[in-house]
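Trainee: Sequence first, then the predicted structure, then my questions.
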Amino acid sequence: MSTNTFHMPLGPVHVALEEPVYFNITCEGESVKSVELTSGHVHRGMEQLALRRNLVKNVTLTERVCSLCSNSHSFTYSMVVENALGLVIPDRARYLRVVAEEVKRIASHLFNMAIQAHLTGFATFFMQIMETREIMQDVKETVYGNRMNLASNCIGGVKFDLSQDKLAYLLKQLDVFEPQVEEIREIFATNGTILNRTRGLGILPPEDATALGVAGPVARGSGLPMDCRKNSPYAAYGDLDFDMITETGCCAHSRTMVRLNEIFESIKMLRQAVAQMPDGPVHAPMPGIPVAEAFAHSEAPRGEVAYYIRTDGTETPARLKWRVPSYMNWKALSVMMRGAQIADIALVVNSIDPCVSCTER
């Protein structure tokens, strides 16, 4: 081992980490040679808790797996139970689920962008992004009554309908919101400071992305066309016209541009969903609970969320398991960080938009 080689601990509590996770980083001078990741600091045993609650109560439990992608968990959980029960939800509910999901996706992506601006030392840009994000936070609070957990999904559809006034308010806010995000995208695409810090940083070649099974913007930033909304449409996504965003740069900047461009696709989907949304009920009654097993997946802001359930004829699931995208994505950090500078570690970590609470459950 070279005399310049040393081990540097990062975490589990560190100013550059949103959630607790521990990195043991081997460095040679200022360059990273290898990374070992240790997790488990916020394990809550939520899968075991789910086996002590009935199917309906678990909608609330799964929505608290995570904050930024909370809706994706209750959404996918509701779908997996519906698949087990053979329950078909009303058409209006399919569209309302898409509306809630895309509003949450926009807010999640912007939060990641704000943290990236902060990590590059661009404090004023951080505040600009967070101020723009507040438009979507206000939408969530006005339309759903809460800024984080929307409590919209339920088994059989959604808990409540959205009036025409609330849908009109959503569209009005999108008109205010879109040009501000366009300005943010322009800065990320052209600003010299950001480009110097992120372009070519955290390279994840397509072959490594495939071998590691990464998901979401991390996969699409390496050119892999993987998006459940396109590859395996669910809810009302099959009725909507939108593009799957991919980039071929395979670096932190590519993953940034995937998220930014996806925001505009989400805006497009929201407008279509409101325009095409049919009238009718928003909830179907639950049938009897059979002995069955089922699977469901969806495209959360960070990638594919997958749920498996096994029922035994009672109100309580015999088994409930879920897998989240950060579980695969953070394994890719060992490839992305190789050769990076110590000063860039936080930026590389942020580029996968990790969710530790989701992963550790």
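Mentor: Arrived safely, thanks for sending.

Trainee: centre of the chain versus the helix or strand where Val32 lies, how much separation?
Mentor: Under the criterion of DSSP states H and E, Val32 resides in strand 31-38. Centroid separation for strand 31-38 versus its chain: 25 Å, with C-alpha atoms, centre = their mean, to the nearest Å.

Trainee: do stretch 318-334 as well
Mentor: Chain-centre distance of stretch 318-334: 12 Å, with C-alpha atoms, centre = their mean.

Trainee: ok now do the residue lying closest to Arg197 once chain neighbours are set aside, which residues does it touch?
Mentor: Closest residue in space to Arg197, ignoring its immediate chain neighbours: Thr120 at 4.8 Å, by C-beta to C-beta, 6 or more residues apart in numbering. Every residue, glycine included, has its C-beta placed from N, CA and C. Taking C-beta atoms under 8 Å, 6 or more residues apart in numbering as the criterion, Thr120 is in contact with Thr193, Ile194, Arg197, Thr198, Leu347.

Trainee: same thing but at 10 Å, please
Mentor: Phe126, Asn191, Thr193, Ile194, Asn196, Arg197, Thr198, Asp344, Ala346, Leu347, Asn350 (C-beta atoms under 10 Å, 6 or more residues apart in numbering).

Trainee: Check Gly238 too.
Mentor: Arg94, Arg229, Lys230, Ser232.

Trainee: buried stuff in the stretch of helix or strand the third one belongs to?
Mentor: With secondary structure defined by DSSP H and E, Lys230 is part of helix 228-231. For helix 228-231, the neighbour count (16 or more other C-beta atoms under 10 Å) marks Cys228, Arg229 as buried.

Trainee: do stretch 25-39 as well
Mentor: Ile25, Cys27, Val32, Val35, Leu37, Ser39.

Trainee: The fifth one pairs with what?
Mentor: Looking back up the chat, that one is Leu37. Beta bridges link Leu37 to Phe23 when assigned by DSSP bridges.

Trainee: Can you read off the pLDDT for it?
Mentor: Model confidence at Leu37, given as pLDDT, is 80.

Trainee: Chain neighbours aside, what residue packs nearest to Ala252?
Mentor: Ser351 (3.9 Å).

Trainee: my read: that neighbour touches Glu247, true?
Mentor: No: contact criterion C-beta atoms under 10 Å: Ser351 and Glu247 do not qualify, at 12.0 Å.

Trainee: which residues are common contacts for those two?
Mentor: Pro217, Gly221, His253, Ser254, Arg255, Thr256.

Trainee: wait, which of the contacts of Thr120 is closest to Leu167?
Mentor: Ranked by distance to Leu167 (C-beta to C-beta), the contacts of Thr120 are led by Phe126 at 31.4 Å.

Trainee: Show me which residues of the helix or strand containing that closest one are buried.
Mentor: If you go by DSSP H and E, Phe126 is part of helix 123-144. For helix 123-144, burial by neighbour count (16+ other C-beta under 10 Å) applies to 125-126, 128-130, 132-133, 135-137, 139-140, 143-144.

Trainee: for these, which one is nearest Ser74?
Mentor: Among the buried residues of helix 123-144, and counting by C-beta to C-beta, the member closest to Ser74 is Tyr144, at 12.2 Å.

Trainee: Just give the closest residue to that closest one, not the sequence neighbours.
Mentor: What sits nearest to Tyr144 in space, not counting adjacent residues and going by C-beta to C-beta, 6+ apart, is Leu150, at 4.2 Å.

Trainee: can you check Lys140 too?
Mentor: Arg147 (5.3 Å).

Trainee: Just the strands from the stretch 151-300 of the chain, written as ranges.
Mentor: Under the criterion DSSP state E, counting those that start in this stretch, strands of the stretch 151-300 of the chain are mapped to 153-154, 157-158, 291-300.

Trainee: if I look at the spatially most central residue of the chain, how far off is Val35?
Mentor: The centre of the chain sits closest to Pro301, judged by C-alpha atoms, centre = their mean, with a distance of 2.3 Å. For Pro301, the distance to Val35 (C-beta to C-beta, to the nearest Å) stands at 24 Å.

Trainee: just Asp91 next, same as before
Mentor: From Asp91 to Val35 the distance is 47 Å (C-beta to C-beta).

Trainee: Also Asn4?
Mentor: Going from Asn4 to Val35 by C-beta to C-beta gives 18 Å.

Trainee: Please apply the same query to Pro9.
Mentor: Distance, Pro9 to Val35, by C-beta to C-beta: 11 Å.

Trainee: try Gly145
Mentor: 42 Å.

Trainee: which of the strands of the stretch 151-300 of the chain sits most buried?
Mentor: Between the strands of the stretch 151-300 of the chain, strand 157-158 has the highest mean count of neighbours, a mean of 26, where neighbours are mean count of other C-beta atoms under 10 Å.

Trainee: pLDDT averaged over that one, what's the number?
Mentor: The average pLDDT within strand 157-158 is 96.

Trainee: Show me what it is packed up against.
Mentor: In terms of contacts (3 or more C-beta pairs under 10 Å, 6 or more residues apart in numbering; DSSP states H and E), strand 157-158 is packed against helix 70-85, helix 91-119.

Trainee: Turn these into JSON lines, including distance to Val21, mean neighbour count and mean pLDDT.
Mentor: Converted to JSON lines, the helices and strands packed on strand 157-158 look like this (distance: least, C-beta to C-beta, whole Å; neighbours: other C-beta atoms under 10 Å; pLDDT from 0 to 100):
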{"stretch": "helix 70-85", "distance to Val21": "20", "mean neighbour count": "25", "mean pLDDT": "96"}
{"stretch": "helix 91-119", "distance to Val21": "15", "mean neighbour count": "24", "mean pLDDT": "95"}
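
Trainee: Sweet, I'm off.
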